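**Q** the sequence isn't on hand, but the structure is:
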């Protein structure tokens, strides 16, 4: 269990390290949602109609920006070979790497999507 926790900490640190990590995805998402009113016009009714769809599409594209780093850094420095030879099952290792990536990039993007959709006038249903 401690090896899994250490791997999760490592993956979260790697996701935030070198090259801005999730900040690139957040910047892309903020740019798309900021430029949307310029592209469609500032009418609140039109923005409210397209806000949920644009929020989902921009979220999907922004999340793709950070996925290339999931195994790339481990491959470059040789850690991927050591991870595959560890006694931990490879499926669990991949799941932990995905969880670490989601904690570093997916969670901030999910929060930004909520804020951007409300700012664009998407209907809020409780």
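**A** Received it, and whenever you're ready, just let me know what you need. In this text the structure is predicted, and so the values were computed from the model without any measurement. Numbers count the residues shown, from 1 in each chain.
**Q** what kind of secondary structure is residue 107 in?
**A** With DSSP: H, G, I helix; E, B strand; the rest coil as the basis, residue 107 sits in helix.
**Q** neighbours of it, just the number please.
**A** 11 (other CB atoms under 10 Å). From N, CA and C alone the C-beta is placed, and that goes for glycine too.
**Q** quick check, pLDDT for it.
**A** Residue 107 carries a pLDDT value of 87.
**Q** please report how far the closest residue to residue 79 other than its chain neighbours lies from residue 6.
**A** In space, and not counting its chain neighbours, residue 79 is closest to residue 73: 7.7 Å by CB to CB, 6 or more residues apart in numbering. Using CB to CB, to the nearest Å, one obtains 16 Å as the distance from residue 73 to residue 6.
**Q** the more surrounded of the two?
**A** residue 73 (17 against 11).
**Q** what about that one, distance to residue 40?
**A** Look at residue 73 and residue 40: by CB to CB, they are 38 Å apart.
**Q** what of residue 78?
**A** Look at residue 78 and residue 40: by CB to CB, they are 48 Å apart.
**Q** between those two, point out the one with more neighbours.
**A** Remark: of residue 78 and residue 40, residue 40 carries more neighbours, 15 against 9, as counted by other CB under 10 Å.
**Q** do I have it right that that one meets residue 46?
**A** Yes. Applying CB atoms under 8 Å as the test, residue 40 and residue 46 come out as touching, 5.6 Å apart.
**Q** helix or strand next in line after the longest helix belonging to the chain, which one?
**A** Secondary structure assigned by DSSP state H gives helix 44-67 as the longest helix of the chain. Note on helix 44-67: by DSSP states H and E, the next helix or strand toward the C-terminus is helix 69-77.
**Q** low-scoring stretches of the chain, by residue?
**A** 18-20, 126 (pLDDT under 70).
**Q** go with 80
**A** Scanning the chain for pLDDT under 80 picks out the ranges 1, 14-21, 41-42, 66, 68-69, 73, 122-126.
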